[in-house]
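[1] Pasted the sequence and its predicted model underneath.
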Amino acid sequence: MTLRPAQSVSLPFGALALLSLLWGYNWVVMKVGLQDAEPFTYSVLRNLFGALSVFAVAAVMRRPLRPKAIGWTALFGLFQTSGSAGLSMFAVYLGGVGKVSFLTYTMPVWLLVMAWLVLRQPIRDFQWLAVGLAVGGLVFLLEPRHLRGLASSLLAIGAGIAWAVASLIVKHVRTHHDVDPLSFIAWQGIFGSIPLAVAAFLTAEGLPTWNASFVSALFFSAVPANAIAWVLWLYALEKLPLNTAGFGSLAVPVVGVFAAWVQLGEQPSLAEGIGMGLIVVGLAVLTAREMRVSQRAGVPRPVVKPAH
């Protein structure tokens, strides 16, 4: 069946919209799941079942399952799954969903700074504006005069920084190794779950309460927000320019905020609202600039893009 032009455009954007809903609402789902399990335990179960669900999707799609670049895959799993996902899970456990999602999604700003410090890639024109807006947003979100939820905020920022390091690893993998995206994501989930499992064994004070609420939350995190979401993301990357797809991911923390407001009653304060707005504008400026650059230079798509 041949798609009409309107269909060929609308389907990838529809996939991107559904993806944003799944990843955005998953922040609320994690908060619900953490009512019946400790953070390390929930994180291990979520990532292990998520990896198995990605393996299942890869098998159905007849994608290769054997791991490649095992060392780099394990290192990515250490920063993405053990680091970013683990820290963000603890941040959600200790604090509000909306603030945590926005602080974690400052990752592109940290990636920009790391590229400047480590790779000596200069920060240019509008990139400085994006950094300034994001820093201003952080100040409003952290509310230094009150220091409310400081531990949760710092963990979320740490999750964003770990995510940025993982993105640098992806850049290396894309350049030097030929890996299948689904296989890569599944195996890094397995490797990244090992440190979390050790932490859960050493710190857990009890087992999860396997009630309907917990099972539903775990299923949503592992299947719709993991396996299905990755298929949607890869489809969007295949059909849309990279930075167009990346721009769509800005909706994820926005969905998280509104879902937490409606379902959990987490209404952002005025300062938090201003901070979230500044971060969204900063990320939008950064993404728009990268979109222009990639359109001129024809930048290739990455192997994978980490997500929460």
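    Looks like it arrived, so ask away. Because the structure is predicted, anything quoted here is derived from the model rather than measured.
[2] From Trp163, how far out is Phe102?
    Distance, Phe102 to Trp163, using Cβ to Cβ, to the nearest Å: 13 Å. Every C-beta, even on glycine, is put in place using the N, C-alpha and C of the backbone.
[3] higher neighbour count, those two?
    Phe102 (29 against 26; other Cβ atoms under 10 Å).
[4] Secondary structure element for that one, which one?
    helix 97-104 (DSSP states H and E).
[5] Which strands and helices lie in contact with that helix?
    The helices and strands touching helix 97-104, judged by 3 or more Cβ pairs under 8 Å, 6 or more residues apart in numbering; DSSP states H and E, are helix 5-33, helix 86-94, helix 125-142, helix 150-176, helix 251-259, helix 270-297.
[6] Past that helix, which element shows up next along the chain?
    Counting by DSSP H and E, what follows helix 97-104 is helix 107-117.
[7] Okay, angle between that next one and helix 150-176 too, please.
    Angle, helix 107-117 to helix 150-176, by axes from the mean of the first three to the mean of the last three Cα atoms, to 10 degrees: 60 degrees.
[8] can you start the count at 5 instead of 1 from here on
    Fine by me, first position is 5 from now on; the one you just mentioned is helix 111-121.
[9] List the contacts of helix 111-121.
    125-127, 131, 134-135, 138-139, 164-165, 167-169, 171-172, 286-287, 290-291 (Cβ atoms under 8 Å, 6 or more residues apart in numbering).
[10] Got a quick ChimeraX command for the buried subset of those?
    Of those, the buried ones go into a single ChimeraX selection, burial set by 16 or more other Cβ atoms under 10 Å:
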select :131,134,135,138,164,165,167,168,169,171,172,286,287,290,291
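[11] Just want to check the distance between the nearest residue to Ala288 once chain neighbours are set aside and Val174.
    Once flanking residues are discounted, Ala288 sits nearest to Leu254: 6.3 Å by Cβ to Cβ, 6 or more residues apart in numbering. Distance, Leu254 to Val174, using Cβ to Cβ: 19 Å.
[12] With neighbour numbers in mind, choose between these two.
    A direct count of neighbours by other Cβ under 10 Å for Leu254 and Val174 places Val174 higher, at 21 against 18.
[13] Assess the claim that the more buried one and Phe80 are in contact.
    Yes - contact status for Val174 versus Phe80: in contact at 6.7 Å, counting by Cβ atoms under 8 Å.
[14] And Leu38, how close does it get to Ala263?
    For Leu38 relative to Ala263 (Cβ to Cβ), the value is 15 Å.
[15] circling back to that earlier point, output the helix holding Phe106 in CSV with nothing but the alpha carbons.
    Output of helix 101-108 as CSV, limited to C-alpha atoms (Å, rounded to 0.1, in the frame of the first residue of the first chain):
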residue,chain,number,x,y,z
VAL,A,101,7.4,14.5,39.3
GLY,A,102,7.1,17.8,37.3
LYS,A,103,10.3,19.4,38.7
VAL,A,104,12.3,16.1,38.4
SER,A,105,11.3,15.6,34.7
PHE,A,106,12.3,19.1,33.7
LEU,A,107,15.6,19.0,35.6
THR,A,108,16.5,15.7,34.0
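[16] pLDDT of it, averaged?
    On average, the pLDDT along helix 101-108 is 89.
[17] now it, how far from the centre of its chain.
    11 Å (Cα atoms, centre = their mean, to the nearest Å).
[18] likewise stretch 133-147?
    19 Å.
[19] hmm, who's touching that stretch?
    103, 106-107, 110, 113, 116-117, 127, 154, 157, 161, 273, 275-276, 278-283, 285-287, 289-290, 293.
[20] Which members of the residues you listed are classed as buried?
    103, 106-107, 110, 113, 116-117, 157, 161, 275-276, 278-283, 285-287, 289-290, 293.
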